[in-house]
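Colleague: Would you be able to build a 3D model of this:
(one chain, ligands or ions: 1)
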Amino acid sequence: MIGVRKASAEDEEFLYRIRSQPSVSEMSLSAPPESREKHHRWLNNKLHDPNCAIYIIKLITPDINDCVGYIRFDSMQLNHVVSVAVDEKYRGYGYAFDGMYAAITDFLHKHFKGRIRAYIKPDNKASIKLFKKLAFKKYGKDTVEGQEVLVYVF
Ligand SMILES: CC(C)(COP(=O)(O)OP(=O)(O)OC[C@H]1O[C@@H](n2cnc3c(N)ncnc32)[C@H](O)[C@@H]1OP(=O)(O)O)[C@@H](O)C(=O)NCCC(=O)NCCS
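Modeller: Modelled structure (predicted):
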């Protein structure tokens, strides 16, 4: 079963590992953490930022209780930008879809106004498929952090 919960300082190691995976940083608009110390400060700021919500995607079976990925919402007024990553070893099992579904449902209970946006690199086929399946609609193109992205909106 896939579930989500809010991230805490105890997820520092897991989030550092995922954010450092080359396949994640390649598709991300921000650089991977330069060091453990910088990641520690980054996470501490994010956890105390009222405009940020980080969810951990959890896989729970009779034999497994593991973190498989994260979902982050960064809000500016009514504009909520979502990003997601799943650990390389857990990809292709539908975990991003199930996790996103649960996280969006929870997030929208608290932020029922506004739109959720995803900025996706044009060659990120997995992400485009994921967001389409989640009923995000293609809104157009934009340039974010100097990079051309497709904008999907929910
Ligand atoms: C994008 C990402 C989160 C998807 O995670 P996942 O758990 O493997 O995704 P799911 O298994 O839920 O798959 C969702 C859909 O995408 C499709 N998909 C997954 N990987 C794919 C790939 N490499 N190429 C094409 N489609 C792919 C799946 O088939 C599924 O569609 P379907 O149900 O119609 O078959 C994961 O690949 C990842 O972490 N990538 C690196 C970080 C990233 O790109 N983040 C998004 C930035 S916007």
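
Colleague: going forward, measure contacts and count neighbours with C-alpha atoms only.
Modeller: Noted.

Colleague: In the worst-scoring helix or strand of the chain on mean pLDDT, which residues are buried?
Modeller: Scoring the helices and strands of the chain by mean pLDDT, DSSP states H and E places helix 22-27 at the bottom, with a mean of 94. Using 16 or more other CA atoms under 10 Å as the test for burial, helix 22-27 gives 24-25, 27.

Colleague: and if you look at stretch 10-21?
Modeller: 12, 14-16, 18-20.

Colleague: Any chance of those residues in a markdown table with secondary structure, distance to residue 46 and pLDDT as columns?
Modeller: Formatted as a markdown table, these follow (DSSP: H, G, I helix; E, B strand; the rest coil; distance: CA to CA, whole Å; pLDDT from 0 to 100):
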| residue | secondary structure | distance to residue 46 | pLDDT |
| --- | --- | --- | --- |
| 12 | helix | 11 | 98 |
| 14 | helix | 15 | 97 |
| 15 | helix | 12 | 97 |
| 16 | helix | 13 | 97 |
| 18 | helix | 16 | 96 |
| 19 | helix | 14 | 94 |
| 20 | coil | 17 | 94 |
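
Colleague: Determine which two of these are furthest apart.
Modeller: For those, the farthest-apart pair by CA to CA is 12 and 20; their separation is 12.0 Å.

Colleague: so after the longest strand along the chain, what's the next helix or strand?
Modeller: With secondary structure taken from DSSP state E, the chain has its longest strand at strand 65-76. Going down the chain from strand 65-76, the next helix or strand is strand 79-86, by DSSP states H and E.

Colleague: to the chain's geometric centre, what's the distance from that following strand?
Modeller: 4 Å (CA atoms, centre = their mean, to the nearest Å).

Colleague: where along the chain do the helices fall?
Modeller: Assigned by DSSP state H, the helices in the chain fall at 12-19, 22-27, 36-48, 95-110, 125-133.

Colleague: Just confirm residue 152 contacts residue 134, I think it does.
Modeller: No - contact status for residue 152 versus residue 134: not in contact, 10.5 Å apart, counting by CA atoms under 8 Å.

Colleague: Looking at the two, which is more packed in?
Modeller: When residue 152 and residue 134 are compared for neighbours, residue 152 comes out ahead with 21 against 15, by other CA atoms under 10 Å.

Colleague: still on that earlier bit, return the member of the buried residues of stretch 10-21 nearest to residue 48.
Modeller: Distances from residue 48 to the buried residues of stretch 10-21, taken by CA to CA, are shortest for residue 12, at 13.9 Å.
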